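# Fold the following, please.
(2 chains)
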Amino acid sequence: MAALSTEFGDLVQIKKQLISIISQCRERGLVHSMKWASELVFALDPLPVNEHPPPPELTEDDAQDFDALCLAKSYFDLKEYDRAAYFLRGCRSKKAYFLYMYSRYLSGEKKKDDETVDSLGPLEKGQVRNEALRELRVELSKKHSAGELDGFALYLYGVVLRKLDLLKEAVDIFVAATHALPLHWGAWLELCNLVTNIEMLKSLSLPDCWVRDFFLAHMYTELQMITEALQKYQSLIEAGFSKSTYIISQIAVAYHNIRDIDQALALFNELREQDPFRIENMDTFSNLLYVRSMKPELSYLAHNLVEIDKYRVETCCVIGNYYSLRSQHEKAALYFQRALKLNPRCLGAWTLMGHEYMEMKNTSAAIQAYRHAIEVNKRDYRAWYGLGQTYEILKMPFYSLYYYRKAHHLRPNDSRMLVALGECYEKLNQHVEAKKCYWRAYSVGDVERMALLKLAKLHEQLHESDDAAQYYIIYIQDIFSCGEQLEHAEVSTALRYLGQYYFKNRMYDEASFCAQRCCDYNDALPSKDGGRLLMKFIRHKDSRFGFRDLYSLLLHFVQQRHTHQESVPMSLPGPVATPIRRVSPLDLSSVTP
Amino acid sequence: MASVHESLYFNPMMTNGVVHANIFGIKDWVTPYKISVLALLYEMITSKPMALLERRRLNKLILPLQQGPDLTLKQFLMIVELCCPETSFELRCRLYQMADGELKDMEHFFSTLPNPFSDSEVYKTSVVGLFMRHMLLAYNKLSFSQVFKLYKSLQQYCNKDRWVTPSSGPQAELPSAANEDMELTSTEDTSVPRVDGVDREEPDAGPLHQSELCGHDTTGPLSQKQAEYFFARQAYLLKNDENKAMTPAILQNELNNILKFNPDFAEAHYLSYLNSMRVQDIYIATHSLLHYFDRLILSGGEGKSNGDEGYGRSLRYAILNLATLHCRFGHYQQADLALQEAIRIAQEANDHVCLQHCLSWLYTVEHMRGSDSVVLTEDSVKMASHFCLPYLASLGIQSLVQRGATQGMTANKLLDALRSTDMVHWKQSLSELIEISLAQTTSIWRMYGKSTMAWQQAQLLLNMNSLEPVNFGVQQNNTEAFAVALCHLAELHADQGLYGAVTDIMAHLKQQFPPHTQHAKLWMLCDLKIQFERAMNDGKYHLAEPHVTAIAALHRTEGLYRKALLLKALNRTSEASKILQRLQQLCEKNKSTEMIIRVLLATAELHWDSSGFATALPLLLQALTLSRQHNLQSLASETVLHLAFTQLMLGTPEQALALLEDVLESILAHGSLMDKGRALLLMARCQVALASSAVEEDRLAALEQAVETLEEATAYFSRLDCSERLREIYYLQARLHHALGHTAQRNKFAMLLRLLDQELPLSGATALTHI
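A predicted model of the protein is given here:
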């Protein structure tokens, strides 16, 4: 962190660097890097007049190529790439050379896209290639070995290599590009796409520059190392980039990834205030609104985005989410399809479309959509999970086990997959595995708070009343301690069971307490009746308090004290393998009002 | 990997979320290679009459050319040249003419192509006619730019060939067409030699060259038709003759390529599943299998009018296949769970056929787990015949027969069952089951000790022509049945001491079923057994020892039994007896009668070693009853041999001789060389023992007879190189000749004995306590 603060000490210097890179990117038509740099510049304080960096000096070559470059750039901006390349072919300056190669590359890409629509058959589609790539590679590699490539040209060389699927070479070239020109964000971003794990990231030797911190933060988000990412972003904010919309949006996405919905929502709202016409990342925002079922907000967002630009992938996804929340699933699927038409590589849309088809009970289409999502990204755990759900709906729990396992493998600490796995095992009568899954789900932090309940019910079914009671107690403590009470029915079921359990074990005080709490819930009739009945019974028993009962009560008292000591470690999540035979009475003193 | 595959560009054929791989029904499209095939057909139709032989050769060529993957022009012309050089020459001229000319030449070619509808030579629904019609249709559908693209690729196709031929200079022959737009079109072509030049100069550009090669060597993606043919062919080979299929790595590569071009090819995933089963890779196997069914579920609804039916059906078979996968990897519990699920779904859908398949797998799983599954199998057979599923029914019968054979069902019942299923097989031409049935008959005959019958059945199977349509008439298939038959054949040869033939058979087996393949364990076990027997006969026990461990690795009970035999031979009797006791318990649990009898015999021999001849009797009698009960003739005669020996040792040679004479006939007819020798040796001893109590003249005659018998036995044992027994014989011979007064003969045998003795020092036990 110390290095970071010294690096960022001179914000003015950073701003100057950014300004110069903006003009360089503009001259070369690298719009996305320019956008990123400009956003950062905007977040910093304006410079006084005399501090502005002077325009770079013209060299002999530059002066000679100036006219051709202007002409070519104008053609380039009009997307007439071949024409631009033609007029640049004789130029010798580095700037002109980059533009020359870049327009050849883009021309190839454009032609490839056109070809795809017009290919001979469905199979040939995969074969359509950017024909220019190989020539570009040969020329660039020649120049590279001669050491004549500058930072931008290296970047282009890397892109060409990546497109040719020569990933290892591409990584090396991108690293070289970041060394040559650390401020060019495009090179970092490409590198980010090629790094697949943390070991690989650590093995790279990256230039010691402030941009590296942005890269690392981005990388951590991609690798799902959210805490590290948040730390990095926080330090960047402290270093003076607090106004940057880029950082805010990244943090919001990170919070979304760890399902910290409130934080993420707050950040997105802030983002929209600062940048009301922003479309990027709004699909993530809409996901959050969807999860929270915030209909009016989602509707407002959707209408707003349609006004800005209705033919954007993000807009379509937002509208799809909106329709989905209104249970108009056909329309939702339609909009997700539209998003995919706009960008077939849009991963989220495939998965979301799968969800919509699931809602419409069109399982085959859902499977197809999920499979496409997996094809785009094998690590998409939601698609695996969705496939599992689909097969579970088709009553094939064993079959869905594989998919849930895959999803669990990708998100080892996500309780939803574990609960789903547990349910499947339960359906297959594999009780041991099911119990393990539920307990693990609880241990990793249960999102839906269902794991313990299911575990307790499973024990109840197997007539393991002590274990069942134990887990009901933890469940109730959990529910009460988190403050909000959502599942009345479930809580009252748990209380009723506990009441009966204490009653059976002749712990009448605890039983009557549970019965009373159970009766407080007036919505769940059967458990309420159960509670009343139980209370009646207890009164009945109390009135005929005999010698034997006194004895058994004493006995219980002793046992209770005994087990109380035992159960202290059990109040924390511990391994499921240590069962306690007698359960301490429910301690609700802290939660009762 | 973050980068996304190009083929995911939006698929215009997507309706309602489901991608139909082929909404226009384009299964094939025109490529330069197809144009050359068309040109060949054109030549064949229009050219002057050619020699009958050449025409026949060309005709045979057409189908593989149509179905196979695209070839380069050079390969194509070479194949044609082998059949008919003239046609090849004309073909080359025509193609070059087209490539060197203009676009209109190609257009002209397609317009003058004989129309199958009007011409009489090509019938419109024939294979050739359909192909030509497909091509014409595909050509007519091409858009403006596509036609030009096709023409350009045709030019490239022809030019590539021209560079390869060394005679013509590449630069001189550059097509004139390329000069028109030098910048655009010819760059692709000329870059190739240039890149090569660069590579040689630069050491760091190694991978560059390779990728360039890849880019040029791929002859383009397979069309759907070609791919389907490829899948069918490879899958068939995997099933029937693994050696001829591509190696696992290459096949997987090929599949990945196909999937790269079209991820919607469900069959490719299935083939990948089969391929990874070969290398026992459960991860890829599961992944591919599930992927296949995920894809199949989509296309399932498309073909049939009642879409839901097809969809549900593939779901049921998906889970059933998953069960089989787990079963093959030995995860019986998982397989069981999957099967239960399949059964439940099939029951809900009232799918009896699927249920039958489930049932047949259920009894297989039960059997593999070691529990009794006869009732299940019988049910399966009944139900399968009720629903007219001959394959499942006879498969069930076959597994019943197998179980019946080991558990002592009477022979006539078994053979009856096999014969009746055979009739069904031949009627339905279920070639797979025919093979299994023949192999099973071989095994059964062998078990009963009828070596000639076993021999004959094995030869019948090996000489049978394949009935499969794909390689009809080819003799060898590489299925389990063949492996079993060959193993039996090897053992039969070994029994007769024909070790040269055994080596040949083993070499063939090794070649046909390489060690990594599924059925390799069969011949490995067989080979080890034969080697073990040889070492034991030779008395080279140190050689036999490593074989025991190897056998135990492949087959536990067999390993234990061999270990006991070895220990017995080494006179470590107490250890041997312990092992035999354990083995007996094991076998009684498994109900493997054959092994029980063998164990009983071995135990009896142990009793002999401690001179407990009387205690050996009940064991031998038990063995005799068992073997008679189960019709195990060879074992029965061996038991009788043992009994006779016991009688002899107990001092009742008349009884022994009577017993021997009973079984001698069958031993000489069916037994192995070893058995024959032993029987004769025993006979001679009985004769000698009897002679001692006879009157003088009879005695001499009897001794003469014994000498003759011994000579016969000598012939058998010397064929087997069984020196220990030979020594015994020589000793006996010497003594007999001495008694008869043949001094010269006596001296000869005494010398032979002496020679053998030097070679093989006597082991501790000099008492002749074995047969």
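# okay, CA-based contacts and neighbour counts for the rest of this
Noted.
# which residues of chain B fall in strands?
Chain-ordered strands for chain B, with DSSP state E as the definition, fall at B:14-15, B:18-19.
# can you give me the mean pLDDT across the first one?
Going back to what we said before, that points to strand B:14-15. Averaged over strand B:14-15, pLDDT sits at 40.
# pLDDT at residue 155, what is it?
You didn't say which chain, so I picked chain A. Predicted confidence (pLDDT) for A:Tyr155: 93.
# You answered for a different chain; I wanted chain B.
For B:Gln155, the model assigns a pLDDT of 86.
# and if you look at B:Ala750?
For B:Ala750, the model assigns a pLDDT of 89.
# shouldn't it be in contact with B:Leu732?
No - between B:Ala750 and B:Leu732 there is no contact under CA atoms under 8 Å: 9.6 Å.
# Compare the two (neighbour count), which wins?
Per other CA atoms under 10 Å in any protein chain shown, whichever of B:Ala750 and B:Leu732 has more neighbours is B:Leu732, with 23 against 19.
# Could you pull up phi and psi at residue 449?
Assuming you mean chain A. Phi and psi for A:Arg449, reported as degrees, to the nearest 10, are phi 60, psi 40.
# wait, I meant chain B there
With angles defined as degrees, to the nearest 10, B:Gly449 sits at phi 80, psi 20.
# who are the neighbours in contact with the spatially closest residue to it that is not a sequence neighbour?
Nearest residue to B:Gly449 in three dimensions, chain neighbours excluded: B:Ser634, at 4.5 Å (CA to CA, 6 or more residues apart in numbering or on different chains). When contacts are counted by CA atoms under 8 Å, 6 or more residues apart in numbering or on different chains, B:Ser634 touches B:Tyr448, B:Gly449, B:Lys450, B:Ile667, B:His670, B:Gly671.
# mind listing what the one residue in the stretch 401-550 of chain A that gets nearest to chain B touches?
Nearest residue of the stretch 401-550 of chain A to chain B (CA to the nearest CA) works out as A:Leu428 at 7.1 Å. Residues near A:Leu428 by CA under 8 Å, 6+ apart: A:Pro397, A:Phe398, B:Leu337.
# Tell me the helix or strand right after the strand or helix carrying A:Asp65.
Using DSSP states H and E, A:Asp65 sits within helix A:60-77. Downstream of helix A:60-77, the first helix or strand assigned by DSSP H and E is helix A:81-88.
# and the gap between the residue nearest the centre of chain A and A:Gly354?
For chain A, A:Asn257 is the residue whose C-alpha lies nearest the centre (CA atoms, centre = their mean; 3.2 Å). With distances taken as CA to CA, to the nearest Å, A:Asn257 is found 20 Å from A:Gly354.
# How about A:Ser107?
When A:Ser107 is compared with A:Gly354 (using CA to CA), they lie 35 Å apart.
# So for those two, which residue has more residues nearby?
Neighbours per residue (other CA under 10 Å) separate A:Ser107 from A:Gly354, with A:Gly354 holding more: 32 against 23.
# from what I can see the more buried one touches A:Ile367, true?
Yes - in this structure, A:Gly354 is within contact of A:Ile367 by CA under 8 Å, at 6.9 Å.
# Quick check: neighbours shared by those two?
By CA under 8 Å, 6+ apart, no residue touches both A:Gly354 and A:Ile367.
# average model confidence for stretch A:180-199?
For stretch A:180-199, the mean per-residue pLDDT is 88.
# so where's the chain uncertain?
You didn't say which chain, so I picked chain A. Flagging of chain A using pLDDT under 70 yields the residue ranges A:1-9, A:116-130, A:447, A:482-489, A:520-593.
# hm, I was asking about chain B
Judged by pLDDT under 70, chain B has its weakly predicted residues at B:1-28, B:47-48, B:116-121, B:161-222, B:261, B:297-310, B:466-477, B:760-771.
# need the longest helix for it.
Identified as the longest helix of chain B according to DSSP state H is helix B:696-720.
# can you tell me how far the residue of the stretch 201-350 of chain A found nearest chain B sits from B:Ile596?
Closest to chain B within the stretch 201-350 of chain A is A:Pro344: 5.3 Å, counting by CA to the nearest CA. Here the distance between A:Pro344 and B:Ile596 works out to 68 Å (CA to CA).
# Need phi/psi at B:Asp351.
In this entry, B:Asp351 is assigned phi and psi values of phi -100, psi 100 (degrees, to the nearest 10).
# Just give the number of residues close to residue 80.
Let's take chain A. So A:Glu80, with other CA under 10 Å, has 16 neighbours.
# Actually, chain B is the one I wanted.
20.
# And stretch A:330-348, what's buried?
Residues of stretch A:330-348 classed as buried: A:330-348 (neighbour count, 16 or more other CA atoms under 10 Å in any protein chain shown).
# What about those residues, which are in helices?
Using DSSP H, the members of the buried residues of stretch A:330-348 that fall in helices are A:330-342, A:347-348.
# Also near chain B: which of the residues you listed, exactly?
Restricting those to those near chain B by CA under 8 Å from any CA of the partner chain leaves A:Gln337, A:Leu340, A:Lys341.
# isn't the first one right next to A:Gly354, touching?
No - when contacts are counted by CA under 8 Å, A:Gln337 is not listed as touching A:Gly354 (10.6 Å).
# Phi, psi for the closest residue to chain A within the stretch 401-550 of chain B please.
Closest to chain A within the stretch 401-550 of chain B is B:Gln518: 26.0 Å, counting by CA to the nearest CA. Main-chain dihedrals, B:Gln518, degrees, to the nearest 10: phi -60, psi -40.
# got the contact list for B:Ala411?
Contact analysis of B:Ala411 by CA under 8 Å, 6+ apart lists B:Ala405, B:Asn631.
# same thing with A:Trp350?
Contact analysis of A:Trp350 by CA under 8 Å, 6+ apart lists A:Phe336, A:Leu340, A:Ala369, A:Tyr370, A:His372, A:Ala373.
# I'd guessed the third one sits against A:Thr351; true?
Yes - under the contact definition of CA under 8 Å, A:Ala369 touches A:Thr351, with a separation of 6.5 Å.
# count of residues packed around the residue in the stretch 151-300 of chain A positioned nearest to chain B?
Across the stretch 151-300 of chain A, the shortest distance to chain B (CA to the nearest CA) belongs to A:Asn193, at 5.5 Å. Residues contacting A:Asn193 under the criterion other CA under 10 Å number 14.
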